[in-house]
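J.: can you look at this prediction? I've put the sequence above it.
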Amino acid sequence: MTVFEATCTAPVNIAVVKYWGKRDTSLILPTNSSLSVTLNQDQLHSKTTIRASADFTSDRLWLNGIEESIPSNNRLVACLRETRALRTEMEAKDSALPKLAQLNIHICSENNFPTAAGLASSASGYACLVYTLSQLFQLPLDHSDLSIVARQGSGSACRSLFGGFVAWDMGEKADGSDSKAVLIEDEKHWPDLQALICVVSDAKKGTSSTAGMQLTVKTSPLLQHRIKDVVPKRMEDMIAAIKEKDFPRFAELTMRDSNQFHAVCLDTYPPIFYMNDISRSIIRIITEYNKDGVKAAYTFDAGPNAVIYAPKENMAEIYAILSHYFPGHVFDDSLSLLKDGASVAAL
Ligand code: PMV
């Protein structure tokens with residue numbers, strides 16, 4: 001029996017203007033636009049293989065080697081439904097195409113980094129799932145179109161379809177057709193910029209981003225200020241800083257946005273804490289390091305791990321400082337940034 005197969009990889013992205021809050025929870029439409037930097041997928045990635053065969057009796061999924069239920073995962077079901085519907089349309093138009101849409105599939109996905117530790121595993125995971133499905137089904141969609149499907153798996157996943165500097169335009173339409181990722185500058189634009197990921201803890205986070213952001217939407221007045229008065233202007237400023245490769249401006253906006261995201265978490269009732277004492281000491285260390293001019297930026301997602309952005313020439317000094325404050329930890333491997341977005345590993 002013929003088996004159809006596709007394997008792809010997708011990178012992690014780390015937001016510098018954070019997404020936090022949904023205006024539509026089933027379509028995953030955000031309350032604000034966001035912007036991220038895609039990391040080099042040679043170092044951090046999700047890798048997914050999908051097979052379709054008439055021999056398979058049901059759809060099945062393995063995540064990092066452990067089988068997970070598909071029907072109980074509405075978001076995964078949405079990504080499968082959307083991509084199969086597009087394949088069904090293609091097959092209806094061209095009778096020579098193999099009938100893939102009706103076959104059951106087996107999905108095998110792995111991350112080469114800790115899952116759910118605030119390292120955006122859902123972003124690379126869903127970007128990879130949707131991109132691999134698009135390759136399997138040979139869907140004639142560009143990366144922005146695919147980002148609309150990936151968004152329905154995990155909001156931040158839409159930004160991992162591209163390398164480089166990527167905005168998620170929140171859109172206005174109720175059906176979500178204009179809520180998608182757009183490339184601001186590609187991975188070649190700012191080769192001097194690097195990211196260092198400090199894994200403070202690889203334990204699974206306490207409050208999921210889904211639960212956390214909905215509680216914030218319901219209870220935080222600060223979020224309303226953020227989405228109306230802060231983010232629209234910050235998106236413009238961030239795009240300008242990236243285009244001009246203005247590191248001090250990029251860094252200040254990144255740190256202010258991380259601070260405000262965690263302030264919004266604290267303003268949620270009951271409050272949500274993602275950073276721990278080590279995270280806060282990293283903020284103090286970088287603040288001290290920036291005393292005479294901004295040389296590095298920290299940012300924290302929904303977990304305690306820090307991502308530090310800095311020009312390449314400052315990285316050795318940053319490792320030395322962090323190694324001094326955290327003896328026993330090794331800070332010697334900067335992750336050079338900005339490779340492609342989701343891509344085909346093998347077919
Ligand atoms: O896409 P989610 O549900 O994993 O949410 C991600 C939220 C943050 O990582 C905190 C911010 C962002 O824009 O990536």
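T.: On my side now, so go ahead.

J.: average pLDDT for the helix or strand where Ala241 lies, rounded please.
T.: Using DSSP states H and E, Ala241 falls within helix 231-243. On average, the pLDDT along helix 231-243 is 98.

J.: didn't Arg87 look like it was pressed against Lys99?
T.: No: checked against Cβ atoms under 8 Å, the pair Arg87 and Lys99 is beyond contact range at 9.1 Å. C-betas here are computed from N, CA, C, even on glycine.

J.: what is the mean pLDDT for stretch 140-160?
T.: Regarding stretch 140-160, the rounded mean pLDDT is 97.

J.: err, stretch 45-54, not the other one
T.: pLDDT averaged over stretch 45-54 gives 96.

J.: list the buried residues of that stretch.
T.: Within stretch 45-54, the residues scored as buried using 16 or more other Cβ atoms under 10 Å are 45-52.

J.: what parts of the stretch 201-347 of the chain come near the ligand?
T.: Contact residues (Cβ under 6 Å from any ligand atom) of the stretch 201-347 of the chain with the ligand: 209-210, 301-302.

J.: so which elements touch the helix holding Ala241?
T.: Applying 3 or more Cβ pairs under 8 Å, 6 or more residues apart in numbering; DSSP states H and E, we find helix 231-243 packed against strand 13-17, strand 34-38, strand 165-169, strand 180-185, helix 247-267.

J.: from the chain's centre, how far out does the third one sit?
T.: For strand 165-169, the distance between its averaged C-alpha position and the chain's averaged C-alpha position is 11 Å (Cα atoms, centre = their mean, to the nearest Å).

J.: hmm, that strand touching the ligand?
T.: No: Strand 165-169 stays clear of the ligand (Cβ under 6 Å from any ligand atom), getting no nearer than 7.6 Å.

J.: and that strand with strand 180-185, angle?
T.: For strand 165-169 against strand 180-185, the angle by axes from the mean of the first three to the mean of the last three Cα atoms, to 10 degrees is 150 degrees.

J.: start to end distance for stretch 241-251?
T.: 9 Å (Cα to Cα, to the nearest Å).

J.: show me the contact partners of that stretch.
T.: Stretch 241-251 has contacts (Cβ atoms under 8 Å, 6 or more residues apart in numbering) with 16, 165, 184-185, 189-190, 192-193, 237-238, 240, 253, 290, 293-297, 309-311.

J.: swap in 10 Å and give it another go.
T.: With contacts defined as Cβ atoms under 10 Å, 6 or more residues apart in numbering, stretch 241-251 is touched by 16, 35, 37, 164-165, 167, 184-185, 189-193, 237-238, 240, 252-254, 286, 290, 293-299, 308-311, 314.

J.: buried subset of the residues you listed?
T.: 16, 35, 37, 164-165, 167, 184-185, 189-190, 193, 237-238, 252-254, 286, 290, 294-299, 308-310, 314.

J.: just list whatever residues bridge to the residue nearest to Thr49 when sequence neighbours are not counted.
T.: The shortest distance from Thr49 to any non-neighbouring residue, by Cβ to Cβ, 6 or more residues apart in numbering, is to Thr7 (4.4 Å). For Thr7, the beta-bridge partners are Thr49, Ala346 (DSSP bridges).

J.: spatially central residue for the protein, please.
T.: Ala123 (3.6 Å; Cα atoms, centre = their mean).

J.: quick check: which ranges of the stretch 51-200 of the chain have low pLDDT?
T.: Low-confidence segments of the stretch 51-200 of the chain, defined by pLDDT under 70: 114-120.

J.: re the thing from before, can I get the residues of the stretch 201-347 of the chain next to the ligand in JSON lines with secondary structure and pLDDT?
T.: Rendered in JSON lines, the data for those read as follows (DSSP: H, G, I helix; E, B strand; the rest coil; pLDDT from 0 to 100):
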{"residue": "Ser209", "secondary structure": "helix", "pLDDT": "91"}
{"residue": "Thr210", "secondary structure": "helix", "pLDDT": "92"}
{"residue": "Asp301", "secondary structure": "coil", "pLDDT": "93"}
{"residue": "Ala302", "secondary structure": "coil", "pLDDT": "91"}
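
J.: make a ChimeraX selection of the buried ones in those residues.
T.: In ChimeraX, this line selects whichever of those come out buried by 16+ other Cβ under 10 Å:
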select :209,210,301,302
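
J.: need the max-distance pair from the residues of the stretch 201-347 of the chain next to the ligand.
T.: Thr210 and Asp301 (13.6 Å; Cβ to Cβ).

J.: separation between Thr132 and Asn13?
T.: Here Thr132 is placed at a distance of 17 Å from Asn13 (Cβ to Cβ, to the nearest Å).

J.: likewise for Gln135?
T.: To Asn13, Gln135 is 20 Å away according to Cβ to Cβ.

J.: so those two - more neighbours on which side?
T.: Shown here are Gln135 and Asn13; by other Cβ atoms under 10 Å, Asn13 has more neighbours (30 against 20).

J.: who's in contact with the more buried one?
T.: Residues counted as contacts of Asn13 (Cβ under 10 Å, 6+ apart) are 34-39, 120, 123-124, 127, 156-166, 168, 181, 341.

J.: neighbours around the residue nearest to it when sequence neighbours are not counted, how many?
T.: In space, Asn13 comes closest to Ser36 once its chain neighbours are excluded; the distance is 4.0 Å by Cβ to Cβ, 6+ apart. For Ser36, the number of neighbouring residues by other Cβ under 10 Å comes to 28.

J.: roughly how far is stretch 298-318 from the heart of the chain?
T.: Computed by Cα atoms, centre = their mean, the chain-centroid distance of stretch 298-318 equals 17 Å.
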